[in-house]
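Colleague: I'd like to go over a predicted model; first the sequence, then the structure.
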Amino acid sequence: MKRVSLFGATGSIGENTVDLLMRAEPNTYDVVAVTGGGNVARLAEQARELNAEIAVTAFDECYDGLKDALAGTGIEVASGAQALCDAADRPCDWTMSAIVGAAGLYPGFAALRQGGTLALANKESLVCAGPLLLAEAKANAATIMPVDSEHSAVFQALVGEDMSAVERIIITASGGPFRDWPLEAIAKATLKEAVAHPNWAMGQRISVDSASMFNKALELIETHEFFGIAPDRIEAVVHPESLVHALVGFQDGALMAHIGPPDMRHAIGYALHWPERAHIPVNRLDLAAIGQLNFSAPDTQKFPALRLARDVMETGGRAGAVFNGAKEAALDLFIAGKVGFLDMARLVETALETCDAADSLSKPLIGLDCVTQADHMARKAVKDAAQDRA
Ligand code: NAD
Ligand code: MG
């Protein structure tokens with residue numbers, strides 16, 4: 001049996017992964033750990049359904065609730081950030097990294113030390129610590145499989161190809177709910193409007209990031225880090241239908257596109273079964289019924305996150321960790337109703353400048369402590385800048 005663990009099991013990616021595991025033939029998977037946050041009722045239910053060895057909540061205050069919900073089952077229970085890493089230390093063949101935000105970094109590193117496969121939905125890990133993560137995978141002969149629809153698509157388009165023949169990588173963006181809104185309206189956008197994604201059902205944070213295109217900004221950096229391709233060879237194109245997920249352009253002019261329904265179970269299932277392909281219960285596309293696919297250039301005036309991502313890729317070093325930390329802090333402020341929608345990009349830009357002035361961002365990342373330090377510095381810079389504005 002394949003030993004699997006799910007970090008962030010109760011989230012959108014986590015639930016899609018559980019769905020695939022529940023459909024498998026009996027005795028295909030042996031579930032080691034499932035983890036979540038505050039939704040202990042659902043976490044306990046998942047642990048029972050999957051017959052997990054251990055269930056971990058990230059939050060100590062949720063420990064008692066989880067313990068009660070699993071009383072008498074024999075399933076172990078733990079809580080806190082260290083317990084997440086300890087759970088990732090257990091022998092495992094395949095780990096889903098679907099915690100949202102920089103909190104996914106340490107459990108992901110711990111899982112890599114098992115030498116199995118890390119299915120990486122947590123793009124923040126690559127943005128914050130790409131070179132360290134890839135080095136850790138190499139040192140442990142572990143495999144990282146991308147579980148972002150775009151990056152899974154690129155990975156699939158590259159099967160059997162040589163990276164030296166790749167001219168460019170194009171990732172698509174739906175453009176989010178504000179694609180056609182004027183700038184003045186976007187400035188006044190509410191949280192409810194921002195989470196109303198036209199094509200994908202996702203967690204709240206990534207939904208807001210999609211509306212601001214910070215998600216696409218993270219994905220540009222993710223592409224650069226994961227595929228090792230120069231920033232000027234990576235493009236983002238707006239594609240409102242979200243059916244073409246990414247395209248790889250080769251030196252002979254060919255473009256290999258990956259087309260599929262907007263259903264994350266495809267990318268998750270691909271990572272689960274790789275290097276084989278297995279039946280995945282996603283809708284099959286009827287191209288004649290779809291009729292047409294549209295593409296346009298993104299508007300960097302309305303979505304400055306894309307411009308900032310280019311600077312981050314050019315700078316390298318700690319810029320990704322600062323960018324992500326600042327983005328998370330600015331997103332917290334927007335969700336709390338303390339800053340406007342467009343203030344997020346302004347705060348992130350200010351944080352990048354402040355942190356760079358304090359200590360050049362281009363200095364290389366030496367270890368995970370360095371990532372955490374940059375993350376904290378970025379969050380503080382956003383907080384200070386927001387206070388100055390208030
Ligand atoms: P979500 O908000 O639905 O779920 C997040 C999960 O992380 C939950 O299980 C939650 O309990 C847990 N969590 C939250 N805070 C935590 C903390 N501090 N410590 C430990 N666990 C914590 O998010 P999601 O949409 O499933 O996204 C998860 C990750 O996958 C993100 O990195 C996101 O960028 C990426 N991703 C998501 C999608 C998608 O379609 N949802 C697509 C591509 C990539
Ligand atoms: Mg994506």
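Modeller: Cool, got the structure. Ligands and ions are numbered 1, 2, ... in the order given.
Colleague: So which bits of the stretch 251-390 of the chain are right by ligand 1?
Modeller: Met264 (CB under 6 Å from any ligand atom). All C-beta spots, glycine's among them, are computed from the backbone N, C-alpha and C.
Colleague: In space, what's closest to the closest residue to ligand 1 within the stretch 201-350 of the chain - neighbours in sequence excluded?
Modeller: At 2.6 Å from ligand 1, Gly203 is the closest residue in the stretch 201-350 of the chain, using CB to the nearest ligand atom. Nearest residue to Gly203, sequence neighbours excluded (CB to CB, 6 or more residues apart in numbering): Ser12, at 4.8 Å.
Colleague: In this model Met264 seems to touch that neighbour, though I could be wrong.
Modeller: Yes. At 7.3 Å, Ser12 counts as touching Met264 under the criterion of CB atoms under 8 Å.
Colleague: Looking at these two, which is more packed in?
Modeller: Taking neighbours as other CB atoms under 10 Å, Ser12 and Met264 compare with Met264 leading, 23 against 19.
Colleague: ok, now which ones touch that one?
Modeller: Ser12, Ile13, Asn16, Val147, Ser149, Trp200 (CB atoms under 8 Å, 6 or more residues apart in numbering).
Colleague: What about those residues, which are in helices?
Modeller: Ser12, Ile13, Asn16, Ser149 (DSSP state H).
Colleague: Name all residues that make contact with the last one.
Modeller: What that stands for is Ser149. Taking CB under 8 Å, 6+ apart, we find Ser149 in contact with His245, Ala246, Gly260, Pro262, Met264, His266, Ala267.
Colleague: which other helices and strands contact the longest helix anywhere in the chain?
Modeller: Using DSSP H, we find that the single longest helix of the chain is helix 368-389. Packing partners of helix 368-389 (3 or more CB pairs under 8 Å, 6 or more residues apart in numbering; DSSP states H and E): helix 105-112, helix 123-139, helix 319-335, helix 343-358.
Colleague: now the shortest one against helix 123-139, angle please.
Modeller: Which is helix 105-112. Per axes from the mean of the first three to the mean of the last three CA atoms, to 10 degrees, the angle that helix 105-112 makes with helix 123-139 is 30 degrees.
Colleague: State the mean pLDDT of helix 105-112.
Modeller: If you average the pLDDT over helix 105-112, you get 98.
Colleague: what's it packed up against?
Modeller: Applying 3+ CB pairs under 8 Å, 6+ apart, one finds that helix 105-112 contacts strand 2-7, helix 81-88, strand 94-97, strand 117-120, helix 123-139, helix 368-389.
Colleague: Which members of the ones in helices among the contacts of Met264 additionally contact ligand 1?
Modeller: Restricting the ones in helices among the contacts of Met264 to those near ligand 1 by CB under 6 Å from any ligand atom leaves Ser12, Ile13.
Colleague: Closest residue of this protein to ligand 2?
Modeller: Residue nearest to ligand 2 within the chain: Asp148 (4.0 Å; CB to the ion).
Colleague: Quick one: neighbours of that residue, just the number.
Modeller: 27.
Colleague: Then Glu193?
Modeller: So Glu193, with other CB under 10 Å, has 16 neighbours.
Colleague: My read is that it contacts Ala185, right?
Modeller: No. Between Glu193 and Ala185 there is no contact under CB under 8 Å: 9.2 Å.
Colleague: okay, and the common contacts of those two?
Modeller: Residues touching both Glu193 and Ala185 by CB under 8 Å, 6+ apart: Phe178.
Colleague: Nearest to Gly65 among the contacts of Met264?
Modeller: Ser12 (21.8 Å; CB to CB).
Colleague: quick one: secondary structure of the residue sitting furthest away from the middle of the chain?
Modeller: Ranked by distance from the centre of the chain (CA atoms, centre = their mean), the top residue is Gly72, with 35.1 Å. In three-state terms, and counting by DSSP: H, G, I helix; E, B strand; the rest coil, Gly72 is coil.
Colleague: Relative to Ile170, how far out is it?
Modeller: 53 Å (CB to CB, to the nearest Å).
Colleague: quick one on the thing from earlier: mind checking how far the residue nearest to Gly203 is from Ala58?
Modeller: If you measure Ser12 against Ala58 using CB to CB, the figure is 16 Å.
Colleague: what does Ile335 give?
Modeller: Distance, Ile335 to Ala58, by CB to CB: 18 Å.
Colleague: Just want to know which of these two has more residues nearby.
Modeller: For the pair Ile335 and Ala58, the greater number of neighbours falls to Ala58 (19 against 15), based on other CB under 10 Å.
Colleague: For the more buried one, what are phi and psi?
Modeller: Main-chain torsions, Ala58, degrees, to the nearest 10: phi -70, psi -20.
Colleague: residue contacts, the closest residue to Gly320 other than its chain neighbours?
Modeller: Spatial nearest neighbour of Gly320, excluding adjacent residues (CB to CB, 6+ apart): Val127 at 4.6 Å. Contact partners of Val127, counting by CB under 8 Å, 6+ apart, are Leu218, Ile221, Glu222, Glu225, Gly320, Ala321, Phe323, Asn324.
Colleague: okay, the fifth one: pLDDT?
Modeller: Okay, so that is Gly320. You'll see Gly320 listed with a pLDDT of 98.
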